[in-house]
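Asker: Predicted coordinates and the sequence they were generated for:
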Amino acid sequence: MFHLTKEAIKKANAARKADKEHTILLVDDEEANLRTLVDLLEDDYHLLVANSGYEALDLIKNDPNPERIHLIISDQRMPRMTGVEFLKQTIPIIPKTIRMILTGFIDLDATLSAINEGKIYKFFTKPLEPQDMLITIKRALDVYNLEKKMIQTQKTLEKFVPEQFLKRIVGKGVTEIELGQAKRETITILFTDIRSFTSLSEQTPPQELLSLLNRYFKHMSQSIHQHHGFIDKFIGDAIMALFDRHEKSYLIQVEDAIHAAIDMQKQLVALNRGKEATQPEIRAGNGIHTGEVILGTVGSEDRMDSTVLGDSVNLAARLEKLTKVYGVNIIISENLVRLLENPATFCLRPVDWVLVKGKKDITEIYEVFDHDPDDLKKIKQETALHLLEGLTHRRCQNWRKALESFQAILDQNPQDTVAQFHFQYCLYLKENSPPYDWSGATKPDIDILDVGKEIHQMVEWHSDYAIGIEKIDSQHRELFVRINQLVKAIQQGMIKEGIVDAIQFLKVYVEQHFQEEQEFMKSINYPEYESHLEMHRYFVIVVQQLREDYEYDGISLDLAFKIQNKVIDWVVDHVCKEDSKIAHWHRSQLKENALNSDFNSS
C-alpha cells in the first residue's frame, strides 16, 4: 500500500489549480493504489486507469489519438509484465510521452537499466510524499509543453528554412545558425515555372489566381517531398527545389529529381483535369542540373535568409527557360545523364547543344518524356536517332542532310516541337551563314531570338493599306488572314493543311485579284501601271514555282517556310508599299475631281 493519509492528500489539494490541460494514464494491479492516485490527481488532470500492463497497452493501441496521453505512472511489480517492460513497449507508439515508475525498492543497477530501456523520467519510492509527487508531475509536464513548443517552432521555421538545409550548414541545430555560414556541396537543382503566367494573371481575378497558385504549389510540393527533395524558395510562380539525400550517394539524388519532375507533370495533368470549365489550364516546365553549389546564409544580423549560389543554380534556371523554346516539359543537363547508373531507366532523347549566357562550355541537353502518352513515347524513341543525326549534320554545317533528318521526324510526328525548332534553325543558318569559328552550338539568348523573328512573323491589316475599292481591299485583307493561318499551321505542326490551303488561295489570288486590280489602275489612269504590272508578273512566277515545288517535292516544312517568306515579302514590299501608292493616287484623283466639280458648279 502507498500509505497516503487523507490528511496528506488534503494538504496537497490545497496547493493545486483546477486546470485539466493534460491526460495521465495510471497503471496498477491493486485497486486501492489506483483509488489513492485518482484521489490525488483527479482535480488537476484527465485520468485513464488500467489494472495491468496488458490492459494499458490495449487501451493505448485502440485509442484513436494516443498522443493525448502526456504522462504514464505505472507500478513496477505487477503480474505477468513489470512496469518497465510495459513502458518499454509504449515507446514506439507514443515516444514523446513522459514515463514514471512506482516502486518499493531501489536497486542502482536495475534503476539505470530501467532508465535506458524504458526511458523512465522519474522513480517514486514508497511510501509516497504527495506534495513531492505533484511538484514532480508538474515540472515534468512543463518540460513536455516546452518540448512541444520547440517542435512547433521548428516546424514553423522549416516552412521558411528547410530542415535539410539546416542540417547541411548547422549540424548542432537551429539555435546555432549564424549569418555568413556556408558550405560547398554537390547537389541537384530543379526549377519549375508556370508557362505564360503574365497573361494568366491578367485574365484571372486576384482571389481566383491566388487559389489557383496555392493548389498548384500544393501538388508540386507533394511531388518534390515524395521524392526526397525540399523546396529552397518560391520565386513568384516559380519553384526552386534541391535534392540531396544526405545519407545516400549523390548519384541517388539525380534519380530523385527526375522522378519528381515526371510526377510533377503527371500531377499537372490531374490538376487540369479536375479544374472548372472557366478556369485556365496550367502548364509548366522543369529544368534540372547537378553540380557544385554554395549553401549558406546571407542578409544582416537582424534579418537573414538561406540561399544557394553558383553556376549550377543559374544553369538549372536557364534549362527551365529552354523548355519554352523547344516546346518540351522537362530538360536535363548531360551531367545528370552521365550520373545515371542506367540511363535506359528513363525515356530520354537529345535536344541540342547549347551555349547559355555566362558560360564558356557547351552544355548538351536532353528531354525526359516518361510522362507522355504511350503512343507519343514510342514515336519519340523511334525517331531519337534521327534527332541525333540531324544535330551532328548541323554541327558539321551539312544543312541538306540535317534538314532531311529533321524532316524524317516530322513525317512521323508533324507536331514534334524539337524537330520543328531544328528544321527552322537549319533553314535560318542556311540563309545566314554562321561565323567561321562557330562551335555548332545554339546560343539561346541570341540565335533563337533572331530565328523567332523570321519564323513566327505575323502581319496585321491596317486601314492605311485600303485602296478604297471594297472588292480589292477585301482580297488584300484575305491575304493577311491566309498568311497568319499558315504561320499558325506551322507552329501547330499542321504543315500539310497549311500548305494546301495556301497554294489553293494563291492560285485564285493571282488570277482574280491581279486582273481586278489591273483594270482598276487603268480606270483611274494610274501613271505607274506598267511597273506595277511587272511586279504582278513576277509574283505570278513565284506562285507558279511554289506550286511546282508542291507537286514535285510534296509536303515539307521547308516548303511551308518558303511559302511563308515569299508571301510575307510580297505583303511588306508590294501590298503595304506599292498598292498604297495606288490608294494615294486614287484619293488625290477623287479630291481633284471634287474640286473641279465645285469650280464648274460655281
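Answerer: In hand now; what should we look at? Numbering: from 1, shown residues only.
Asker: what ranges do the strands span in the stretch 351-500 of the chain?
Answerer: Ranges of strands within the stretch 351-500 of the chain are 363-368, based on DSSP state E, counting those that start in this stretch.
Asker: nope, the stretch 1-150 of the chain is what I was after
Answerer: Using DSSP E, counting those that start in this stretch, the strands of the stretch 1-150 of the chain run over residues 23-27, 46-50, 71-75, 98-103, 122-125.
Asker: Let me know which of these is the nearest to I252.
Answerer: Nearest to I252, of all the strands of the stretch 1-150 of the chain, is strand 98-103, at 37.9 Å by CB to CB. C-beta: built from backbone N, CA, C; applies to glycine.
Asker: That closest one: partners in the sheet, and parallel or antiparallel?
Answerer: Strand pairing for strand 98-103, using DSSP bridges, gives strand 71-75 (parallel), strand 122-125 (parallel).
Asker: mean pLDDT for the ones you listed: which is lowest?
Answerer: Mean pLDDT values for those show the minimum at strand 122-125, a mean of 79.
Asker: Quick one, which of the strands of the stretch 1-150 of the chain gets closest to L268.
Answerer: That would be strand 23-27 among the strands of the stretch 1-150 of the chain, by CB to CB, at 44.6 Å.
Asker: what angle separates that closest one from strand 98-103?
Answerer: Angle between the axes of strand 23-27 and strand 98-103 is 30 degrees (criterion: axes from the mean of the first three to the mean of the last three CA atoms, to 10 degrees).
Asker: Give the other helices and strands that strand 23-27 contacts.
Answerer: Counting contacts by 3 or more CB pairs under 8 Å, 6 or more residues apart in numbering; DSSP states H and E, strand 23-27 packs against helix 31-41, strand 46-50, helix 53-62, strand 71-75.
Asker: Show me which residues of the longest one are buried.
Answerer: Going by neighbour count (16 or more other CB atoms under 10 Å), the buried part of helix 31-41 is 33-34, 36-37, 39-41.
Asker: Make TSV from these and add distance to S433 and pLDDT to it.
Answerer: Converted to TSV, the buried residues of helix 31-41 look like this (distance: CB to CB, whole Å; pLDDT from 0 to 100):
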residue	distance to S433	pLDDT
N33	98	85
L34	95	87
T36	99	86
L37	94	88
D39	99	88
L40	95	88
L41	91	89
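Asker: where do the helices sit along the stretch 151-300 of the chain?
Answerer: Along the stretch 151-300 of the chain, counting by DSSP state H, counting those that start in this stretch, helices occupy 163-169, 197-203, 206-226, 250-273.
Asker: taking those helices together, which one is wrapped up most tightly?
Answerer: helix 250-273 (a mean of 19; mean count of other CB atoms under 10 Å).
Asker: Next, the angle from it to helix 206-226.
Answerer: 150 degrees.
Asker: ok so, going back, which one of the strands paired with strand 98-103 lies nearest to L355?
Answerer: Of all the strands paired with strand 98-103, the one in closest proximity to L355, counting by CB to CB, is strand 71-75 (65.5 Å).
Asker: could you give the angle of that closest one to strand 46-50?
Answerer: Going by the same axes, to 10 degrees, strand 71-75 makes 30 degrees with strand 46-50.
Asker: quick one, strand 71-75 and helix 53-62 angle?
Answerer: Inter-element angle recorded for strand 71-75 and helix 53-62: 160 degrees (by the same axes, to 10 degrees).
Asker: before we move on, back to that, output the helices and strands packed on strand 23-27 in TSV; the columns should cover distance to V328.
Answerer: What follows is the helices and strands packed on strand 23-27, written out as TSV (distance: least, CB to CB, whole Å):
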stretch	distance to V328
helix 31-41	66
strand 46-50	59
helix 53-62	51
strand 71-75	58
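Asker: Please, where are all the helices along the stretch 401-550 of the chain?
Answerer: With helices called from DSSP H, counting those that start in this stretch, the stretch 401-550 of the chain shows them at 417-431, 447-455, 470-491, 495-508, 514-523, 529-553.
Asker: mean pLDDT lowest for which of those helices?
Answerer: Comparing mean pLDDT across the helices of the stretch 401-550 of the chain, the weakest is helix 447-455, with a mean of 46.
Asker: show me where pLDDT drops low in the stretch 151-300 of the chain?
Answerer: The stretch 151-300 of the chain contains residues with pLDDT under 70 at 152-183, 246-250, 278, 296-300.
Asker: switch to 90 and redo it
Answerer: By pLDDT under 90, the low-scoring segments of the stretch 151-300 of the chain are 151-187, 194-218, 225, 228-238, 242-253, 269-283, 291-300.
Asker: tell me the centre residue of this structure?
Answerer: The centre of the chain sits closest to T192, judged by CA atoms, centre = their mean, with a distance of 2.9 Å.
Asker: Report the contact partners of that one.
Answerer: T192 is in contact with 220, 238-239, 241, 261, 264, 284-287, 320, counting by CB atoms under 8 Å, 6 or more residues apart in numbering.
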